[in-house]
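In: I need the structure of the sequence given here:
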Amino acid sequence: MCFIRLNPREIEFPNGSKIIFKGFDDPQKAGKGLEGVNDIHIEEAFEFTLEDFTMLDNSLRGKKNVFEDSQILLTFNPEHQASWLK
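Out: Numbering: from 1, shown residues only. This next block holds a predicted model:
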């Protein structure tokens, strides 16, 4: 059975894994407190600048396990051809 919490917003699975929902209105603050976070999913990534992404990437440390690095997954609809996401 999963546990759904509203404060903080998260879903915890029986094996102890969690999905944490966090706003990134201020990427400088959002990059703090990522201890123990293995992966990040960024929805609407076109709203992030390359500098925001780099800051989060530098904040995400470590490996999930010996064989697999942490990852950042970006989902977006590109707004224009000049986007850094191209």
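In: for this structure, which spans come out with low pLDDT?
Out: 27-33, 61-66 (pLDDT under 70).
In: what about the most centrally placed residue in it, distance to Thr54?
Out: With distances taken as Cα atoms, centre = their mean, Ile40 lies nearest the centre of the chain, 2.4 Å away. For Ile40, the distance to Thr54 equals 13 Å [Cβ to Cβ, to the nearest Å]. In short, each C-beta sits where N, CA and C put it, glycine included.
In: Arg9 too?
Out: Distance from Arg9 to Thr54, by Cβ to Cβ: 25 Å.
In: stretch 77-86: end-to-end distance?
Out: By Cα to Cα, to the nearest Å, the extent of stretch 77-86 from end to end equals 11 Å.
In: need the contact partners of that stretch.
Out: Stretch 77-86 has contacts (Cβ atoms under 8 Å, 6 or more residues apart in numbering) with Ala45, Phe46, Thr49, Leu50, Phe53, Leu74, Phe76.
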